[in-house]
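Visitor: Could you look at this predicted model? Sequence included:
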Amino acid sequence: QPGAAQSSGSFHAIAEVFVPAPRFTVISPMFNVARYLPEYFASLDAQTVPAGDIEIILVDDGSTDDTRELAEAFARDRANVRVVGKANGGQASARNLGLEHATGDWVTFPDPDDVLGATYLADVAALMDTGDASVAMYTARMLLWFEDDESERAVRDVHALGKRFENGTRHVDLDAEPEIVQAHVTTGFLRRALIEQHGLRFRESLRLRFEDGNFVTRYLLMAAVPRVGMVATADYLYRQRSDASSTIQSSAADPRKYVDTVRYGYQDVVDAAEGRLPRWAQNLILYDLLWIFRSSTTAKMHRVRFPDAMHEEIHETLPRVLSHIDDDAIHAFRMMPVADWMRDAVLLLKGEHRHGRPHFGAIDAKRGLALVSYRYVGEPPAEEIRVGGERVEPRFTKDWSHELLGRHIVWQRMLWVAAEGAVELTFDGQPQR
């Protein structure tokens, strides 16, 4: 007691108990996901790392179902689980609130409608324990879980980025292997100290697309080395909702998904890189943009009529972003299957070229014709065609339009010429190869 200490003239130091920070902080934003929480919570309970290594922060983003009640019941008898709440503001704002409460060395952001494999955290920890202090991020493997499939094939290793793990668990320097893009924080583990050092937070203007890619890229740009630990054995089951009710599944017709992605997602990354994007960041933007191209060719998207203002905004902002993407990065992109015209369209949207490279197709032996095709913007270039050294005119030609989100962007031109020798092309006086 203070009085006793003064009367004796002695000083008694109060011992402080040092409690180490947890290794992992798991932050999960929640909005009306009550029906999925029992499976998600069961997968958290099943983790094989010590409970003291995990801090779980469940952020209720203004749910109107039983989400908050179920989360509080889960936290009630688990000392390492906290529930915080806020008015509905979107996933980014919920994740940011979670970061304000986080104390762990590494933070990760799994979605509460998904499920973690039982050794998920243990497998990540095992690679961390190999002692490579230069690693800025760890990434687990994302498997697609088709909830309406009751067969053994409900969980499939068919994610477009699954090939990143074909060489197993290892460390990767993204500068040396720029095709190993990092697109997700749901399966990512990031150093909280680096996040706080640079004041990084999720962009709340990105509510429908590229929120993860934007944050991860800005984070890795701040790291001394973009070195990533790829954990091939840590399985993250990404639920494909049978009712298509997830934000990704239900927002395809919302213009903000495209306008905001370019203006606040891609451009923000360019600005963070101070105008010089490393190849791995270029590849991530191309990966996301070409997904938009692919989805816009579906029958569902063909039925959507987007406002002119959206197209005008994209026409204004996208070329500014693409001016920071190297031509050879576009030509070399092979991270997922895309039609050749899409690569050419991205190249032409930069505004630095009027036409793409010509493509030489198969020879129609029956008609004795060879097919040559290329894409262009505006008017077609002045063509000069030589076959076997002799100048010729095409036997047939055809031009048609390719669209992005229902708006014309590039023309494709097809030429059929006599297959009587080597075909040489000149566009606007320049030989083509």
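Guide: Perfect, thanks for sending it.
Visitor: what packs against the longest strand along the chain?
Guide: Longest strand in the chain by number of residues, with DSSP state E as the criterion: strand 227-240. Contacts defined by 3 or more C-beta pairs under 8 Å, 6 or more residues apart in numbering; DSSP states H and E place strand 227-240 against strand 115-116, helix 120-128, strand 137-146, strand 170-173. Glycine gets a C-beta too; all of them are placed from N, C-alpha and C.
Visitor: quick one, which of those is packed in tightest?
Guide: Scoring the helices and strands packed on strand 227-240 by mean neighbour count under mean count of other C-beta atoms under 10 Å gives strand 115-116 as the most buried, with a mean of 24.
Visitor: which residues touch K86?
Guide: Applying C-beta atoms under 8 Å, 6 or more residues apart in numbering, we find K86 in contact with V59, D60, D61, G62, S93, A94, L97.
Visitor: So in terms of bridging, what pairs with it?
Guide: D61 (DSSP bridges).
Visitor: Give me the distance between the residue nearest the centre of the chain and A253.
Guide: Centre of the chain computed as the mean C-alpha position; nearest residue by C-alpha atoms, centre = their mean is A183, 3.2 Å away. To A253, A183 is 23 Å away according to C-beta to C-beta, to the nearest Å.
Visitor: same check, this time on V84
Guide: Going from V84 to A253 by C-beta to C-beta gives 33 Å.
Visitor: could you show me where the strands are in the stretch 251-400 of the chain, in order?
Guide: Here the stretch 251-400 of the chain has its strands, by DSSP state E, counting those that start in this stretch, at 359-364, 369-376, 383-387, 390-392, 396-404.
Visitor: got the angle for the first one vs strand 369-376?
Guide: Regarding strand 359-364 and strand 369-376, their directions subtend 160 degrees when assessed with axes from the mean of the first three to the mean of the last three C-alpha atoms, to 10 degrees.
Visitor: So what touches strand 359-364?
Guide: Contact with strand 359-364 is made by D340, L369, A370, L371, V372, S373, Y374, W416, A419, V423, as judged by C-beta under 8 Å, 6+ apart.
Visitor: The longest one too?
Guide: Contact partners of strand 396-404, identified using C-beta under 8 Å, 6+ apart, comprise 292-293, 296, 314, 341, 345, 369, 375, 380, 408-416.
Visitor: pull the longest helix from this structure.
Guide: When the chain is scanned for its longest helix (criterion: DSSP state H), the result is helix 279-295.
Visitor: Show me what it is packed up against.
Guide: Helix 279-295 sits against helix 211-222, helix 327-332, helix 340-349, with contacts defined as 3+ C-beta pairs under 8 Å, 6+ apart.
Visitor: among those, which is nearest F24?
Guide: Checking these against F24 by C-beta to C-beta gives helix 211-222 as the closest, at 16.7 Å.
Visitor: that older thread, to S134, which of the helices and strands packed on helix 279-295 lies closest?
Guide: Judged by C-beta to C-beta, the one of those that comes nearest to S134 is helix 211-222, at 12.6 Å.
Visitor: follow-up on the earlier one: in its sheet, which strands sit next to the longest strand of the chain, and in what direction?
Guide: Strand 227-240 has the following strand partners under DSSP bridges: strand 115-116 (antiparallel), strand 137-146 (parallel), strand 170-173 (antiparallel).
Visitor: Mind listing what's buried along stretch 399-415?
Guide: By 16 or more other C-beta atoms under 10 Å, the buried positions in stretch 399-415 come out as H402, L404, L405, I409, V410, W411, Q412, R413, M414, L415.
Visitor: Of the residues you listed, which is the nearest to L284?
Guide: Set against L284, the nearest of the buried residues of stretch 399-415 by C-beta to C-beta is L404 (19.2 Å).
Visitor: Tell me how far the closest one lies from H302.
Guide: From L404 to H302 the distance is 12 Å (C-beta to C-beta).
Visitor: coming back round to it: is it true that the residue nearest to the centre of the chain touches I285?
Guide: No - between A183 and I285 there is no contact under C-beta atoms under 8 Å: 10.4 Å.
Visitor: so where's the stretch 201-350 of the chain shaky on pLDDT?
Guide: Scanning the stretch 201-350 of the chain for pLDDT under 70 picks out 242-250.
Visitor: Could you rerun that using 50?
Guide: Along the stretch 201-350 of the chain, no part satisfies pLDDT under 50.
Visitor: sorry, back to before: export the helices and strands packed on helix 279-295 to TSV and append columns for distance to R156 and mean neighbour count.
Guide: Below are the helices and strands packed on helix 279-295 laid out as TSV (distance: least, C-beta to C-beta, whole Å; neighbours: other C-beta atoms under 10 Å):
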stretch	distance to R156	mean neighbour count
helix 211-222	21	23
helix 327-332	28	15
helix 340-349	25	22
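Visitor: Can I get those in TSV including distance to R35?
Guide: Output for these, formatted as TSV (distance: least, C-beta to C-beta, whole Å):
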stretch	distance to R35
helix 211-222	23
helix 327-332	42
helix 340-349	37
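Visitor: Mind checking the ones you listed for the one nearest to E179?
Guide: When the helices and strands packed on helix 279-295 are compared by C-beta to C-beta, helix 327-332 sits nearest E179, at 8.8 Å.
Visitor: Quick check: which of the helices and strands packed on strand 227-240 is nearest to V387?
Guide: Evaluated over those, closeness to V387 peaks at strand 170-173, with 47.7 Å, by C-beta to C-beta.
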